[in-house]
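*Asks:* sharing a sequence plus its predicted fold:
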Amino acid sequence: MNNIIGRKSEQEILRSCMTSKKSEFIVLYGRRRVGKTFLIKEFFNGTFDFSFVGTRSLNRQQQLTNFSNALKRHSKSEYAPALGNWFDAFDKLTYLLENIKHRGKKVIFIDEMPWIETPKSDFVLALEHFWNSWANLRNDIVFIACGSATSWIVEKIFHNKGGLFNRATRHLYLEPFKLKEVEDYLIHEGFNWDRYQIAQCYMAIGGIPFYLTLLNNKLSLAQNIDALFFSGDNSPLKTEYQELFSALFNNPEKYIEITKTLAEHREGMTRNQISELCNTSGAGLTKVLRDLERCDFIFSYSRYGNKTNSLIYRIKDFYTLFYYKFVDKLKTNDKHNWSHLQTLPQVKSWQGFSFELLCLLHLEEIKNALGINVMLNSASSWRSKDSETGTQIDLVIDRADRVTNICEIKFSTNVFAIDKAYEQKLRERMAIFAAETKTRHSTVLTMITTFGVMSNKHSGVVNSQVLLDDLF
């Protein structure tokens, strides 16, 4: 367990399951490559009473054959039982577990479960029968169901309309690493990058543990990105995209189309805007947006003062954003493309909106830095109804103490300097917000920057600051 970075609450839940006085049905889910399998294997030191991994694109009989071989391996016999269906498979698994002599919990780990349920499969029904008629009646079973197709997990297990409804005893949703966990991992692996470099790394590949394992501590950040995305057709994170959606969704074309459309509208889009541009609506659009949210590709949030039917949808997966902007769109053969792009305006623009996204996904850290983390508050964005002014605010935090933080997010390579023109722009923005929203709260300006705001005669407009370090 020494190799596990972060995941403290998840490890505590696993420990409690091993000492509880009942059988446990643990559902572990989360985005592809987020480290679900690694967490379980490391926590249990690779030792299971039974384990099985579903394989993509195999038919039912092929999956059953693999399951039979797993039974043979764990029983340490030469006999692989013939399995006609999944009821047979779980019946043989029951027989195997009943003949295990050791005391304590018996751990069963079934990985990539969504891939096991092939068309016309009886897998879910057999799992339901296994749990309700046998495992749940005992007190020594820890059954771990794992999968990346989060929408399948939610629909087939959490929202199951049959015997699996409300049967899962523990829900473990594994999120991408935050900045602090990425820093801990890089330090553990011998990287000497400062927090500015770590933030830029995060803005390119996100907090996805598997992507972090591809980094080389002997290369600079720019060299690493070149190697991962631009070194050729077999670049690890170039080929990754080809599998990303097809591994999670049946008929992934509409998911890709909507994701690409959102990537081109970095400020976010309403459902109606997505519907118009992608020519889809109704239940079909609802399902795609819900599935993309569940798999951590997009997130939704409200605009200040608007109801939930005006939700804004926005990309949250940094890898996908980077891929669309610099790999898919450019289609370059330059193996040192990222190193050569560093000073261009398109990179500066990308840094700006990626840092904004980074801040929005570290909202709790921002609240903590402002000392309002224990206070009832709500966060949203705001855009003026007057399209001529084009006034918008990245982040608005409405607080229970009748104070509203108007947050301005700026990415800078150095201490950020406010000049006379920018001070005037900030004051006008706050005045327009107060006039249009008719808020009765006091409004204060918070600057969220990489290295802080330079103290000068124009910086008095700033009431409070949050720095990159605070996001860690």
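*Replies:* Nice, thanks for sending it over. Being a predicted model, the structure only gives us computed values, none of them experimental.
*Asks:* where in the chain is pLDDT low?
*Replies:* For the chain, applying pLDDT under 70 flags the ranges 1-2, 306-309.
*Asks:* remind me, longest helix of it?
*Replies:* Secondary structure of the chain per DSSP state H: the longest helix is helix 420-437.
*Asks:* center of the protein - which residue?
*Replies:* Nearest residue to the geometric centre of the chain (C-alpha atoms, centre = their mean): Asp296, 4.0 Å.
*Asks:* what residues are up against the closest residue to that one other than its chain neighbours?
*Replies:* Take Asp296 and drop its neighbours on the chain: the residue closest to it by C-beta to C-beta, 6 or more residues apart in numbering is Arg31, 4.0 Å away. Where you see a C-beta, it was placed from the backbone N, CA and C, and this is true even at glycine. Counting by C-beta atoms under 8 Å, 6 or more residues apart in numbering, Arg31 makes contact with Ser148, Thr150, Leu174, Pro176, Ile208, Cys295, Asp296, Phe297, Asp317.
*Asks:* any idea how many residues pack against the fourth one?
*Replies:* When counting by other C-beta atoms under 10 Å, one arrives at 24 neighbours for Pro176.
*Asks:* which parts of this structure are strands?
*Replies:* 24-30, 50-53, 106-111, 141-147, 170-174, 269-270, 298-301, 312-315, 377-383, 392-399, 403-410, 442-449, 464-467 (DSSP state E).
*Asks:* return the set of buried residues in the last one.
*Replies:* In this case it means strand 464-467. Going by neighbour count (16 or more other C-beta atoms under 10 Å), the buried part of strand 464-467 is Gln465, Val466, Leu467.
*Asks:* which residues does the closest residue to Lys22 other than its chain neighbours contact?
*Replies:* Computed as C-beta to C-beta, 6+ apart, the closest residue to Lys22 that is not its neighbour in sequence is Asn139, at 5.3 Å. Asn139 makes contact with Lys21, Lys22, Ser23, according to C-beta under 8 Å, 6+ apart.
*Asks:* how much space separates the residue nearest to the first one when sequence neighbours are not counted from Gly282?
*Replies:* What that stands for is Lys21. What sits nearest to Lys21 in space, not counting adjacent residues and going by C-beta to C-beta, 6+ apart, is Asn139, at 5.8 Å. Per C-beta to C-beta, to the nearest Å, Asn139 is found 47 Å from Gly282.
*Asks:* give me the number of residues near Phe109?
*Replies:* Residues near Phe109, counting by other C-beta under 10 Å, number 22.
*Asks:* wait, it touches Ile141, no?
*Replies:* No: Phe109 sits out of contact with Ile141 when judged by C-beta atoms under 8 Å, with a separation of 11.9 Å.
*Asks:* shared neighbours, the two?
*Replies:* Common neighbours of Phe109 and Ile141, using C-beta under 8 Å, 6+ apart, do not exist here.
*Asks:* what's the burial count for Ile274?
*Replies:* Ile274, neighbours per other C-beta under 10 Å, totals 21.
*Asks:* contact partners for it?
*Replies:* For Ile274, the contacting residues are Ile258, Thr261, Leu262, Thr280, Leu285, Leu289, Tyr313, by C-beta under 8 Å, 6+ apart.
*Asks:* check contacts around the fourth one.
*Replies:* Going by C-beta under 8 Å, 6+ apart, Thr280 touches Lys254, Ile258, Ile274, Val288.
*Asks:* will you turn these into CSV that also has distance to Gln200?
*Replies:* As requested, the contacts of Thr280 are arranged in CSV below (distance: C-beta to C-beta, whole Å):
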residue, distance to Gln200
Lys254, 32
Ile258, 27
Ile274, 29
Val288, 31
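*Asks:* relative to Gln242, how far out is the closest residue to Tyr241 other than its chain neighbours?
*Replies:* Among residues not flanking Tyr241 along the chain, Tyr323 sits closest, at 5.2 Å (C-beta to C-beta, 6+ apart). Distance of Tyr323 to Gln242, given as C-beta to C-beta: 10 Å.
*Asks:* looking at these two, which is more packed in?
*Replies:* Taking other C-beta under 10 Å, Tyr323 and Gln242 do not tie; Tyr323 has more neighbours (21 against 9).
*Asks:* list the buried residues in stretch 445-453.
*Replies:* Leu445, Thr446, Met447, Ile448, Thr449, Thr450, Gly452, Val453.
*Asks:* how much space between the third one and Val461?
*Replies:* Using C-beta to C-beta, one obtains 9 Å as the distance from Met447 to Val461.
*Asks:* ok, now the fourth one?
*Replies:* When distances are taken as C-beta to C-beta, Ile448 and Val461 turn out to be 15 Å apart.
*Asks:* could you do the last one as well?
*Replies:* Distance from Val453 to Val461, counting by C-beta to C-beta: 10 Å.
*Asks:* anything in contact with each of these two?
*Replies:* Ile418.
*Asks:* where do the helices sit along the stretch 251-400 of the chain?
*Replies:* With helices called from DSSP state H, counting those that start in this stretch, the stretch 251-400 of the chain shows them at 253-263, 271-278, 282-294, 318-322, 337-341, 345-360, 363-370.
*Asks:* could you dump the longest one to PDB, C-alpha only?
*Replies:* In this case it means helix 345-360. What follows is helix 345-360, C-alpha atoms only, in PDB (Å, rounded to 0.1, in the frame of the first residue of the first chain):
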ATOM      1  CA  PRO A 345      -0.400  33.500 -29.200                       C
ATOM      2  CA  GLN A 346      -2.500  30.300 -29.500                       C
ATOM      3  CA  VAL A 347      -0.500  28.800 -26.600                       C
ATOM      4  CA  LYS A 348      -1.000  31.900 -24.500                       C
ATOM      5  CA  SER A 349      -4.700  31.700 -25.200                       C
ATOM      6  CA  TRP A 350      -4.800  28.000 -24.300                       C
ATOM      7  CA  GLN A 351      -3.000  28.800 -21.000                       C
ATOM      8  CA  GLY A 352      -5.500  31.400 -20.100                       C
ATOM      9  CA  PHE A 353      -8.700  29.300 -20.500                       C
ATOM     10  CA  SER A 354      -7.000  26.100 -19.200                       C
ATOM     11  CA  PHE A 355      -6.000  28.000 -16.000                       C
ATOM     12  CA  GLU A 356      -9.500  29.200 -15.600                       C
ATOM     13  CA  LEU A 357     -10.800  25.600 -15.900                       C
ATOM     14  CA  LEU A 358      -8.100  24.500 -13.400                       C
ATOM     15  CA  CYS A 359      -9.400  27.100 -10.900                       C
ATOM     16  CA  LEU A 360     -13.000  26.000 -11.400                       C
END
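*Asks:* mind checking how far it is from the chain centre?
*Replies:* Put simply, helix 345-360 sits 18 Å off its chain's centre (C-alpha atoms, centre = their mean, to the nearest Å).
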